[in-house]
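Chemist: what follows is a predicted protein model with its sequence.
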Amino acid sequence: MVVGLRGMIGYTAVIAVSQKGVSGSILAEEPIFERMDHTESSDSDFYQLGFEYLVRADRSYDGPGLYNLVEPGGLLAPETGPKVFILTPWPTPAERRRGIRTRFRWQRKIDQLRANLAGVFGREPAVVGYTRRSREDVEGHTPTGTRPWASIGGRAIVEVDMNDQQIELEPSIVASLGRWRLWVEERMVHSEAFCP
């Protein structure tokens, strides 16, 4: 099974993987991190439009919020061993020339999000940077018969292999181990075995 996000041209994503499944959410750069006039959004707007949306989304078209998913028996409940990742862009060379010297483009807001998510999951999520690319690099320009066309970046993939490894417990008893991997662009950032 493969679950993915594509078209990452500046947004931040929160991906959680547990023994029960995968959850992914996108936080758009505008208006969550910056306003339409390209000034940074206020902390209260960021909290309300970003974090509150993640944890409380319960409209049928948005799916359940994280608070629903971490309840006992839920997809991301503590007993399912969830691992949480924040995928966010690094500053572009142009942004660095304009004086942004932080590791991530929205470092302060990412630190706030990380702390807020730690309150939900009981531990801080890992933060993974990615290179912001042009729309053409993300959507592609070579026809492949499907849309979007082939591209070189702007994607994250959670790959789940339910039969990654066979382990012989006794001469006549074999057990399967599954494995999931998180890829950001061409880089595997996490891999973990589990008992299906």
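Modeler: That came in fine, so what should we check first?
Chemist: now the helices for this protein?
Modeler: 43-46, 52-56, 66-69, 93-97, 107-121, 135-139 (DSSP state H).
Chemist: which among these is found nearest to residue 161?
Modeler: helix 66-69 (23.0 Å; Cβ to Cβ). No exception for glycine: its C-beta is placed from N, CA and C like everyone else's.
Chemist: rewinding a little: quick one: closest of the helices of the chain to residue 160.
Modeler: Across these, the minimum distance to residue 160, taken as Cβ to Cβ, is reached by helix 66-69, at 17.3 Å.
Chemist: check the gap between residue 164 and residue 176 for me.
Modeler: Noted for residue 164: a distance of 8 Å to residue 176, by Cβ to Cβ, to the nearest Å.
Chemist: higher neighbour count, those two?
Modeler: Ranked by neighbour count (other Cβ atoms under 10 Å), residue 164 and residue 176 place residue 164 first, with 16 against 13.
Chemist: list the contacts of that one.
Modeler: By Cβ atoms under 8 Å, 6 or more residues apart in numbering, the residues touching residue 164 are 176, 177, 178, 179, 193.
Chemist: what's the burial count for the closest residue to it other than its chain neighbours?
Modeler: Nearest non-adjacent residue to residue 164, counting by Cβ to Cβ, 6 or more residues apart in numbering: residue 179, 3.7 Å away. When neighbours are defined as other Cβ under 10 Å, residue 179 has 16 of them.
Chemist: ok, the one 4 residues further on next?
Modeler: By the criterion of other Cβ under 10 Å, residue 183 has 17 neighbours.
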